[in-house]
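Pasting a predicted model and its sequence here:
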Amino acid sequence: MKAHLMFPDRDFDADAELPSHAAILIEDLELETIVAAMAGDDEVIRRVTTAALMAGPRNDADVIRYRQAAMADALGHADLMTELYNTAVRALDSRRRQWWGAASRYASSVLHGAVELLRLCLDPLSEIARLARANAGEVESEAFRTLFAMLASELSPEYLAGIVAHLDALRFRSGVPVSVGLGPGNELTDFVLRQQQTPEGPAWQRLFTRQRPSYTLRLDSRDEAGARALGELRDRGVSLVADALADSAEHVLSFFTMLRTELAFYVGGVALHRALTNVGVPTCVPAPALPGTGRRSFTGLRDPVLALHLQHDPVANDCHADGRGLIVITGANQGGKSTFLRSVGVAQLLMQCGLFVTAETFTADLCSGVFTHYKRAEDASLVSGKFDEELSRMADVTRSIQPHALLLLNESFAATSAREGSEIARQVTQALVEAQVRVIFVTHLYDFAHTVFERSPDDVLFLRAERRADRQRTFKVVQGEPLQTSFGADVYDEVFSNMDAPAPAGAVRP
Amino acid sequence: MIFRSILFEDVGGVGDPQEPPEVLHDLGLDAIIDAIAASRRDDDLTPLFRSRPTREATVVYRQAIMRDLDTPAIAETIASFCDALGTARRRLTLSTQAYYPLSGRRWLLDAMDTYCEAVRRLRQGLHDTTPRSSGLRALSNYVNDYCASDPFTTLASDVRDLCQSLSAIQVGLVLHDGSVTVRGYEGEPDYSAVVADFFAKFRQRAGGGRRTNPRPSSGMTHVEAGILHRVARLHPTVFAVLEDFAARHANAFDETLVTFEREVQFYLAYREYIAPLRAAGLPFCYPTVSTTSKHESSRQGFDLALARQLVGRHVPVVGNDYHLDGPERLIVVTGPNQGGKTTFARTVGQLHYLASLGCPVPGEEARLLLCDRIFTHFERAEDVETASGKLRDDLVRIRAVLDAATPASLIILNETFASTTVRDALVASRRIMTRLSELDALTVSVTFLDELANFDAKTVSMVALMDADDPDRRTFHVERRPADGVSYALAVARRHGLTYDQLKERLPR
């Protein structure tokens, strides 16, 4: 029984190894904020959503649309999602309540533990079956329709009654029936548990309750050694069924684990949607374009990380960068450049894992990976020089990056002189762009920006942090050529002349 | 050719020399023999490694068998036979120790079944693998004849029939609290499989398997015996045949094959001992041996006991060459401490010892004297403490060696007179060298006295080398060259900044 809510044809692997750059990506884009909004304190949802976000670039457009449809069902039936998810969690909790001697080598205690564990799972199984039957007609996505139909048929009332019957039979009230052979030294061997005979059974069973020669060995009630020996024989008799039933109990738990994992993404999506809606941020279902089409256009894009921090709807940006391999963003410090960069990266990841994005419209081609290279704060623990460290990280990136990847550069190559930094920036970005990597570069390297601008190739888009005539920053990023002057003095003035005003975007790293 | 023993080409082995324990200890052979003996629980192999045949014919006989065993298929044939015969023997023991006769008789049958199968496989294996050694070919003929003999064919056919009848028995039991019902089994389905099948739909991925581990049978309980009695009542004919079998075939093992199995452990155990070294790429060779020629050589020989330790720790093993031509008889080894001198001396002793056992020896090739005796003189920790007492003690021990040694002996002297003054040591050493030279015995002498290195025409000088670039690194290479006593001393001085040039540079002018 498979849920297949994440992929039409396979399980979601929440424990798959994250890409090597995942930790840096999570830190640079502050994805923890998104994950926290989805998971709260549920570790499983945290793990699943993190894995889903990081593995998103491996999904094709069909998978993304499959999840978008399922997410629409989830948003429409939020309570049902919670009930299903909590039922799976309750079933999994039964392992904690029933220590079942998985470590024991005594078959009887393994068997007893497995019977009790399966008994505890009966109720959650019935509940899941009930919810599936009741809602089979309510959902519209292929994912949930298939799942509910499957659960309704596999967990039929007859099947659930069959579980009860087996658990009852395994108490062996009329003795343990086994077959044995004679091994070396004529010791009993090949113990195989046999199905119990029932009077109303098929013909061969009635035949075998008839006369066949039998001899019975009765132990003296004071024969303790004999009782122990008999106990050992029983253990050997039930050994295989104990293993089989313990495996079965594991299978049932693994079914609930699987169900919980597959549901976790949608439960998390519902929570994120609620958190964003609460602060007035609009969402839309993004339109994924095929890789290599060079699409990247959006209207009203917000940075969800900033929204969740500020608890209000932040600045929205529009951008039409279709066909642009390189976007260079310049402009005032604390003018919204980094926020813009992050909003593009986060939206790309949200889209590729099948979630909604925080925009009015959003389309982009599917990229093979999202990479970041951000300026690092000084780290005292570093032995190698800062520039050395920076280039070493860039080398890491270039070792794992693939064509059609999206690379977000935030003030890269700033740890050396502007001239040298510019030259390296020029060489690196040119090589990357020619390798089909889409680069978005926030930079103060005006040598670099101007050189690129003067040659002004068609596939470069220049954006600038907006600054109005009154020198007030809007935190919007708009199209515009790089200007020579930086706005560091502005920030200095603002901070020192108007110390009462709240620092814009102060809660997050600019 | 008649097969007598896998260890000797004739009835020999009586009167072969045994070196005293001190000699084996000095040469590191005690550790080797102990380790080999420890690999076999059932038989003590020590005596086979302690007596050292000194006849070329015996060495050649054993080397041929060792070479055959280098063919994996032959080694596998012999090893499987030994394993199977061991199992058969254990089952035979169980048959006599079993408390319940119905069990004891079956153990006897099982022992004979295992034995017959072992013999048949040995016959087939020896036929298929075509060994070349006279020893294994004689064994092959012997086993062929035995397999065709009346006693064996009768035994084998009795065993086969009875085993088939017994293994066909399957009965049903119903285990209650305090009672067991025994009856025929009539094909009821396997309930474990039914249960597994019923829950299979929940299975998410492959896995599961055994977690219970029912107590392995530790002999038959009276409950089991009681059940067995009732099984016998359900199948009276089969059990009557079993009783008859036990009466007719009490102990049918062939004595010659039993002896072969014990003696061939000599070969198998030694080969197992050197297997990890061979796997690590270390060379072993079959030496050319002679009871007369003292023209010796060894290429890339190494200390076997040390190599076993080094290979275990993944440290490279250093091999060394030596040769003795014309009148050369005495190797004088000099060089820095911890440079591999003693190891070299041990290696020479081991090569001779192992060669006369008929074993493959460390190195790429070797030509060795089958010496009549091996003598060693290593410094003893527990000896007398005063210097004069020590010199006296050393001389007494060397005197004993010289009295007992013959021109066909090997003598290994390690740092003799190390605790005496240089003058005393030189005087005593020169006199002993003169006597050794007269005796014409093969000698290896490790010494700090460079003056001994070119004693006379019979003397060969060998030096433990140091690494020129890094005097701290010991190379363990021992090479035939004059003992100048300078190359390593200079290197050590340079490390301390004490050469002439360094001092000229460094000291104020």
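Cool, got the structure.

tell me the pLDDT at the nearest residue to residue A:352 once chain neighbours are set aside?
Distance criterion Cβ to Cβ, 6 or more residues apart in numbering or on different chains; nearest residue to residue A:352, sequence neighbours excluded, is residue A:56 at 3.4 Å. Every C-beta, even on glycine, is put in place using the N, C-alpha and C of the backbone. As predicted, residue A:56 sits at a pLDDT of 94.

quick one: contacts for residue 437?
Picked chain A for this. A:325, A:401, A:403-407 (Cβ atoms under 8 Å, 6 or more residues apart in numbering or on different chains).

that's the other chain; I wanted chain B
For residue B:437, the contact set (Cβ under 8 Å, 6+ apart) comprises B:329-330, B:455-456, B:458-459.

ok, residue 86 - how many residues close by?
Let's take chain A. Per other Cβ atoms under 10 Å in any protein chain shown, the neighbour tally for residue A:86 reads 15.

Sorry, I should have been clearer: chain B.
Residue B:86 is flanked by 15 other residues according to other Cβ under 10 Å.

if I look at it, how far off is residue B:40?
Using Cβ to Cβ, to the nearest Å, residue B:86 is found at 10 Å from residue B:40.

helix or strand for the residue in the stretch 401-510 of chain A that chain B sits nearest to, which one?
When scored by Cβ to the nearest Cβ, the stretch 401-510 of chain A has residue A:402 as its residue closest to chain B, at 29.4 Å. Using DSSP states H and E, residue A:402 falls within no helix or strand.

my read: it touches residue A:371, true?
No. Counting by Cβ atoms under 8 Å, residue A:402 stays clear of residue A:371, with 9.6 Å between them.

neighbour count winner among these two?
For the pair residue A:402 and residue A:371, the greater number of neighbours falls to residue A:371 (27 against 13), based on other Cβ under 10 Å.

rewinding a little: buried subset of the contacts of residue B:437?
Buried members of the contacts of residue B:437, scored by 16 or more other Cβ atoms under 10 Å in any protein chain shown, are B:329-330, B:455, B:458-459.

can you tell me which of the contacts of residue B:437 are in helices?
Using DSSP state H, no member of the contacts of residue B:437 falls within helices.

for the host helix or strand of residue B:397, packing partners?
Assessed by DSSP H and E, residue B:397 sits inside helix B:387-404. Under the contact criterion of 3 or more Cβ pairs under 8 Å, 6 or more residues apart in numbering or on different chains; DSSP states H and E, helix B:387-404 touches strand B:374-377, helix B:422-439.

Stretch A:131-145: which residues count as buried?
Residues A:131-133, A:135-136, A:139, A:141, A:143-145 are the ones in stretch A:131-145 that count as buried (16+ other Cβ under 10 Å).

Determine how far the last residue of it lies from the first.
12 Å (Cα to Cα, to the nearest Å).

now check that stretch, is it near chain B?
No. Stretch A:131-145 lies out of reach of chain B by Cβ under 8 Å from any Cβ of the partner chain, never closer than 14.5 Å.

neighbouring contacts of that stretch?
Applying Cβ under 8 Å, 6+ apart, the contact partners of stretch A:131-145 are A:4-5, A:8, A:66-67, A:69-70, A:72-73, A:77, A:80, A:83-84, A:87, A:147-149, A:151-152, A:155.

Any stretches of the chain with poor pLDDT?
You didn't say which chain, so I picked chain A. Along chain A, the parts satisfying pLDDT under 70 run over A:97-104, A:197-211, A:333, A:377-389, A:415-420, A:456, A:469, A:471, A:483-510.

wrong one, chain B
Using pLDDT under 70, chain B drops low at B:1, B:11-14, B:207-210, B:213-218, B:337-338, B:380-390, B:418-422, B:466-474, B:484-509.

now the strands for it?
Secondary structure of chain B (DSSP state E): strands located at B:170-176, B:179-184, B:284-285, B:288-290, B:296-301, B:320-324, B:330-334, B:361-362, B:365-369, B:374-377, B:410-414, B:442-446, B:459-466, B:474-480.

All the helices of the stretch 1-150 of chain A, residue numbers only.
Using DSSP state H, counting those that start in this stretch, the helices found in the stretch 1-150 of chain A span residues A:22-28, A:31-39, A:43-55, A:61-76, A:78-97, A:107-135, A:142-154.

angle of the third one against helix A:78-97?
Angle, helix A:43-55 to helix A:78-97, by axes from the mean of the first three to the mean of the last three Cα atoms, to 10 degrees: 120 degrees.

Give me the contact list for helix A:43-55.
Here helix A:43-55 makes contact (Cβ under 8 Å, 6+ apart) with A:6, A:12-16, A:18-19, A:22, A:25-26, A:31, A:34-36, A:38-39, A:260-261, A:264-265, A:267-268, A:271, A:349-350, A:353-354.

From these, list the buried ones, please.
Among the contacts of helix A:43-55, those scoring as buried are A:6, A:12, A:14, A:19, A:22, A:25-26, A:31, A:34-36, A:38-39, A:260-261, A:264-265, A:267-268, A:271, A:349-350, A:353-354 (criterion: 16+ other Cβ under 10 Å).

re earlier: tell me which of the helices and strands packed on helix B:387-404 is the most buried.
Neighbour counts (mean count of other Cβ atoms under 10 Å in any protein chain shown) averaged over each of the helices and strands packed on helix B:387-404 peak at strand B:374-377, with a mean of 24.

What strands line up against that strand, and which way round?
Counting by DSSP bridges, the strands paired with strand B:374-377 are strand B:410-414 (parallel).

got the residues of the stretch 1-150 of chain B near chain A?
For the stretch 1-150 of chain B, the contact set with chain A under Cβ under 8 Å from any Cβ comprises B:91, B:94, B:98, B:102-107, B:110.

Widest-spaced pair of the residues you listed?
Greatest spatial distance among those (Cβ to Cβ): B:91 and B:102, at 15.3 Å.

Go through the buried residues of stretch A:131-145 and name the one nearest residue B:360.
Ranking these by separation from residue B:360, with Cβ to Cβ as the measure, puts residue A:143 on top at 69.2 Å.

could you check the distance from that closest one over to chain B?
The gap separating residue A:143 from chain B is 18 Å, by Cβ to the nearest Cβ, to the nearest Å.

quick check: longest helix of chain B.
Counting residues, the longest helix in chain B under DSSP H turns out to be helix B:101-129.

Now do that helix: which elements does it pack against?
helix B:72-97, helix B:134-148, helix B:150-167, helix B:222-234, helix B:236-248.
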